[in-house]
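**Student:** below is the structure, and that's it, no one-letter string:
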């Protein structure tokens, strides 16, 4: 599997503090069936990381993984706070793409209102970038008004859900919203958003299975992320994969 969102680099954000912590996270990822991790440290006002530092740390981590014979490939990337976009030069933004490509992982705010979110994302699209929106289910503003999710998805923005959200690790409201996004076919990728090997460990397959989304696992964790990293067209969602998945359950419908 491919994990497009992971805080695996040491001493750069709220992920592992040391290279030993990074190695522990990497081993946990391999044990969970992950073969490729994209290192996505925060780029925000508190940790205004840059592409050169990220690339250097990814190189150092891959070297240690090779020494320790950990079968994991770590690629460069970033989780860019939407509030930080105005402070990043265009050339630098080009270097922060997932796997070095055109797709940017953009983090919405954890606030009940996000007036400028749609406009800023659309601005990225106009500038030639492609956008993966990180954990929209955990954004209070998007839970209050999910119409923005539909609108952005229609414009080609991909919605990336945190696996832990699907099993209630961020609360029942987040879980219900994440599952309804899946039922509404508004989930295009699932990631771990792991920060360590214990409290926020990497995991994808188990959470998808618990949430009843195993029929979509290959598309969500292999086909779509491989296309993103390869600069290819996103493959269509498997038709009817979740047919009958909600039978017997109360459906929590998105507001129209």
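**Tutor:** That came through, no problem. Note that the coordinates shown come from a computational prediction; the quantities given were computed from them, not determined experimentally.
**Student:** name the nearest residue to residue 211, ignoring sequence neighbours.
**Tutor:** residue 166 (3.8 Å; Cβ to Cβ, 6 or more residues apart in numbering). Bear in mind the C-beta positions are built from the backbone N, C-alpha and C, glycine included.
**Student:** the one you found: what's it in contact with?
**Tutor:** For residue 166, the contact set (Cβ atoms under 8 Å, 6 or more residues apart in numbering) comprises 175, 178-179, 182, 190, 207-208, 210-211, 213.
**Student:** out of the residues you listed, which sit inside helices?
**Tutor:** The helices, defined by DSSP state H, take in 175, 178-179, 182, 207-208, 210 from the contacts of residue 166.
**Student:** pLDDT weak spots in this protein?
**Tutor:** 244-256 (pLDDT under 70).
**Student:** which stretches in this structure count as strands?
**Tutor:** 2-6, 36-39, 42-43, 73-75, 79-81, 103-107, 130-134, 158-162, 189-191 (DSSP state E).
**Student:** which non-adjacent residue is nearest residue 92?
**Tutor:** Residue 92's closest residue in space is residue 51 (Cβ to Cβ, 6+ apart), at 6.0 Å.
**Student:** check residue 45 too.
**Tutor:** Residue 45's closest residue in space is residue 84 (Cβ to Cβ, 6+ apart), at 6.4 Å.
**Student:** is that neighbour in contact with residue 46, as I believe?
**Tutor:** No. Using Cβ atoms under 8 Å, residue 84 is not in contact with residue 46, being 9.8 Å away.
**Student:** more neighbours, these two?
**Tutor:** residue 84 (18 against 10; other Cβ atoms under 10 Å).
**Student:** so who does the residue nearest to residue 45 touch?
**Tutor:** 43-45, 48.
**Student:** residue 70 now?
**Tutor:** So residue 70 contacts 23, 26-27, 30 (Cβ under 8 Å, 6+ apart).
**Student:** can you check residue 202 too?
**Tutor:** 3, 6, 25, 28-29, 32, 34, 37, 192, 194.
**Student:** follow-up on the earlier one: which of the strands of the chain is buried the deepest?
**Tutor:** strand 189-191 (a mean of 29; mean count of other Cβ atoms under 10 Å).
**Student:** okay, now the sheet partners of that one, with direction.
**Tutor:** Partners of strand 189-191 in the sheet, by DSSP bridges, are strand 158-162 (parallel).
**Student:** what's the strand it pairs with in contact with?
**Tutor:** 4-5, 103, 105, 130-138, 149, 152-153, 170, 178, 181-182, 186-193, 224, 228, 234.
**Student:** could you do stretch 13-30 as well?
**Tutor:** 3, 6-11, 37, 41-42, 47, 49, 60-61, 64-65, 68, 70-72, 74, 192, 194-197, 201-202.
**Student:** in it, which residues are buried?
**Tutor:** 13, 15-16, 21-29 (16 or more other Cβ atoms under 10 Å).
**Student:** where do the helices sit along the stretch 151-256 of the chain?
**Tutor:** For the stretch 151-256 of the chain, the helices defined by DSSP state H, counting those that start in this stretch occupy 172-183, 205-210, 217-218, 224-230.
**Student:** apologies, that question was intended for the stretch 1-150 of the chain.
**Tutor:** 19-31, 51-67, 90-94, 117-126, 140-144, 147-154.
**Student:** distance to residue 242 added to those, as TSV?
**Tutor:** Putting those into TSV (distance: least, Cβ to Cβ, whole Å) gives the following:
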stretch	distance to residue 242
helix 19-31	26
helix 51-67	35
helix 90-94	35
helix 117-126	27
helix 140-144	21
helix 147-154	17
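**Student:** any idea which of those is most buried?
**Tutor:** helix 19-31 comes out most buried of the helices of the stretch 1-150 of the chain by mean count of other Cβ under 10 Å, with a mean of 19.
**Student:** got the angle for it vs helix 51-67?
**Tutor:** Between the axes of helix 19-31 and helix 51-67, defined by axes from the mean of the first three to the mean of the last three Cα atoms, to 10 degrees, the angle is 70 degrees.
**Student:** show me how far helix 19-31 is from its chain's centre.
**Tutor:** 18 Å (Cα atoms, centre = their mean, to the nearest Å).
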